[in-house]
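>>> Test case, fold it:
(chains A and B)
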Amino acid sequence: MTGGRLTGYTARCLHLAGHGYVLGRTTLDVGDWARRCGVPERFADRLRHNGVETLHWAETESLSDLALAAAEAVLGGSGTAASSLDIVVVASTLQTSRLPAARSLAVEIAGELGATQALCLAVSNMNCVSGIGALGAIEALFGANPQLSTALLVTVDRSALDRYRAIDDNGIMSDGAGAILVTRQGPGDRVRAISILCDTTAYRGYGSAEEMRYTPLYPLNTVKTIGDACGRAGIEPRDLAQILPHILNRRGWGGVLKLLRLPEERLHDANFARTGHVNCSDMAVNLSTRPRPPAGSAYLLYSNAFAGFFGAVVAEVSARVGTDPRAGRP
Amino acid sequence: MTVLACDVTLTAFLHGRVGSAPDPIGARRADVEAAVFDPVDGDLKDLRTDAVEIPGDSGLRSDLAAAAVDQLAAALNRAGHPMQPPDVVIVCGTGSVDALGETVAGRARNACNGGLALALGNNHGASVFEAIALAGAFLRTAGPGAGALIACADAWRGTDREGPSAALVPADGFGAVLLAAGRAPGLHVADCTSRQAGRPGEQDSPGTWTVDARHGAGRDWRTLRAPGADLSAAAAIVALTAAARLGAGPGPLDLRVAIVGASGVVARLRASRWHPAAPSLASSEALA
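As a prediction, the model looks like this:
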């Protein structure tokens, strides 16, 4: 039995007009990571068994470096002038992915880009669902303010402690940033629905071993949230041509697909081994690396997070690509 | 400069200071002030509670945010108007860098059985005003009768406390404000502007707020100013509470409330008191 309250929106004015990402420059095999951190090799084997092979480490790059690189790649790739941005939103998973007061990453990124007129916001504390929460915020702000039409969502995370990158054997956190250009009119894939479930019965204390554990609550709430988003978009889960998952727990996704009665090949799973879990930036990583489904088909962006957040976005592949800058530094 | 439509009414306000500077860390008690607009007669009831016990470790933002929600619910109960679970819960904070990873927004949401939980930050005191605009945008989608709650909590640590400005030593504090969609007895907020006015950390007095108020159809504005209000994000709610207290009775009251965030953002609200006895007179549009 799952609990919590679902909040959802039938999106009216969001298009994903461009996307890109960067990863930490240093690539480590999970075995190398385990040895560096004094983690038993058998734990690395458990990670490999769940599809994990490498992680990306921002050894020398700062949060700002990562965020700015992703943002510049997307603006450059789409030919969008930073001065035309109405909103810059930064979303992050980790508490350590924030700058100490009085600094503001959103303000700094907007300043570096030259987005002098942009409203600068940060959405956090929803952990890996912060990016989807930020999309919901952009949708709401666009809906209430007709003069706003262009937003840049920047997602960024950098782990502070290498040893704590693993989330049990579900996956491993990579450092990186993503950026998604969101426009009112397009071009780009139209967002049709956003659903967020907050079920705090899932919360069992941050950082505890128990919190890392994948419990039945996760797949059940995942299916519930995806079902809600599909319902708002006027489709059935079986209509989803592609699932872009949070890049965690490949085995668990197998179970979710069974519950949704979807074939395995609908899951874009290439990044489990290649990039690792880039926290909030999984959305941008997946958008930038997926095989593109046929125009007009629906696909899913999904993430869930510690502390009971579950988020799903249903979007529709546009006939015309906005930008696909493939700004990755994989 | 960004002008954001709000169209929400602020109906209840609460702020609290934990312990007392310069040694508030670990304090488990707080002085709390609340003000609640009566949804029927439109009058403001002031409520004050001394030395409220803060459950939990009290150094955590999540404890403070939950305390803000609990205390606001208690104030509404005392006023005879129990809080309904809000559709949207937005949490803001300034002194968040040292917080543990627990989701403050989730805790606040849990405390009031609310709907969507979101945390909005980085513009410090100004974030609360921006959260009002964001809540208004969400409530517009949710429709009439919908409600939102904004909570803020700041728990500073060590040298972080010296961060925003040498001129300011922020205290640990918390606050909450309840919002109704559209017009209701309370302070109706028409819009919010947010402008980057300087570089982060360069403000002489982050948290400084001003309330300009104009009663009746006259042209004279009265200004209240609090330099360097020291409750971090909750300073914004102190300002809103001060605005709510201005004036008496159903006469028109036009308000401009501004706050300087430590990130260099200045946010301004354009508001008016909406009173059931004279709703048309009190509209901001009529006076602007």
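
>>> Can you show me the strands along chain B?
For chain B, applying DSSP state E gives strands covering B:2-18, B:29-37, B:44-53, B:88-92, B:116-121, B:147-154, B:173-181, B:186-196, B:209-215, B:222-226, B:253-260, B:265-274.

>>> For chain A, give me the ranges with low pLDDT.
A:1-4, A:100-102, A:200-213, A:307, A:320-330 (pLDDT under 70).

>>> Mind jotting down where the helices sit in it?
Assigned by DSSP state H, the helices in chain A fall at A:30-37, A:41-49, A:63-78, A:105-113, A:130-144, A:209-212, A:217-233, A:250-260, A:271-274, A:282-289.

>>> now the stretch 51-200 of chain B
B:61-78, B:104-112, B:125-142 (DSSP state H, counting those that start in this stretch).

>>> how far away is B:Ala131 from A:Gly131?
19 Å (C-beta to C-beta, to the nearest Å). No exception for glycine: its C-beta is placed from N, CA and C like everyone else's.

>>> how many neighbours does residue 15 have?
Defaulting to chain A. 21 (other C-beta atoms under 10 Å in any protein chain shown).

>>> that's the wrong chain, I wanted chain B
Neighbours of B:His15 (other C-beta under 10 Å): 29.

>>> now it, which residues is it bridged with?
B:Glu33, B:Gly175 (DSSP bridges).

>>> A:Glu53 versus the residue nearest to A:Tyr302 when sequence neighbours are not counted, what's the distance?
Nearest residue to A:Tyr302 in three dimensions, chain neighbours excluded: A:Ala312, at 5.1 Å (C-beta to C-beta, 6 or more residues apart in numbering or on different chains). Separation of A:Ala312 from A:Glu53 (C-beta to C-beta) stands at 27 Å.

>>> Check A:Leu181 too.
30 Å.

>>> What of B:Asp38?
Distance from B:Asp38 to A:Glu53, by C-beta to C-beta: 63 Å.

>>> Next: B:Ala239.
53 Å.

>>> related to what we said a few turns ago, ok, A:Ala312 and A:Glu53, which is more surrounded?
Higher neighbour count among A:Ala312 and A:Glu53: A:Ala312, with 31 against 17, using other C-beta under 10 Å.

>>> Show me what the more buried one is bridged to.
Applying DSSP bridges, one finds that A:Ala312 bridges with A:Ser195, A:Tyr302.

>>> Tell me who's in contact with it.
Residues counted as contacts of A:Ala312 (C-beta atoms under 8 Å, 6 or more residues apart in numbering or on different chains) are A:Ile132, A:Ala193, A:Ile194, A:Ser195, A:Ile196, A:Thr225, A:Ile226, A:Asp228, A:Ala229, A:Leu300, A:Leu301, A:Tyr302.

>>> Now for residue 78, how many residues are close by?
Going with chain A. A:Ser78: 22 neighbours (other C-beta under 10 Å).

>>> could you do chain B instead?
B:Arg78, neighbours per other C-beta under 10 Å, totals 13.

>>> And A:Glu236, by the same measure?
A:Glu236: 13 neighbours (other C-beta under 10 Å).

>>> For it, which residues are in contact?
A:Cys230.

>>> remind me which residues of the stretch 101-250 of chain B are low pLDDT?
For the stretch 101-250 of chain B, the ranges with pLDDT under 70 are B:101-103, B:121-122, B:156-170, B:201, B:203-205, B:217-219, B:227-231, B:247-250.

>>> Would you mind saying which of the helices of chain A lies nearest chain B?
helix A:130-144 (3.7 Å; C-beta to the nearest C-beta).

>>> That closest one and chain B, are they touching?
Yes - Helix A:130-144 is in contact with chain B by C-beta under 8 Å from any C-beta of the partner chain, via A:Ser130, A:Gly133, A:Gly136, A:Ala137, A:Ala140, A:Leu141, A:Gly143, A:Ala144.

>>> Chain neighbours aside, what residue packs nearest to the last one?
With C-beta to C-beta, 6+ apart as the criterion, A:Ala144 has its nearest non-adjacent residue at 3.7 Å, and that residue is B:Ala137.

>>> Same question for the fifth one.
What sits nearest to A:Ala140 in space, not counting adjacent residues and going by C-beta to C-beta, 6+ apart, is B:Ala137, at 3.7 Å.

>>> hang on, that neighbour packs against A:Pro146?
No - with contact defined as C-beta atoms under 8 Å, B:Ala137 does not reach A:Pro146; the gap is 11.7 Å.

>>> okay, those two: which has more neighbours?
B:Ala137 (26 against 10).

>>> OK, contacts around that one?
Applying C-beta under 8 Å, 6+ apart, the residues near B:Ala137 are A:Ala137, A:Ala140, A:Leu141, A:Gly143, A:Ala144, A:Asn145, B:Leu4, B:Ala5.
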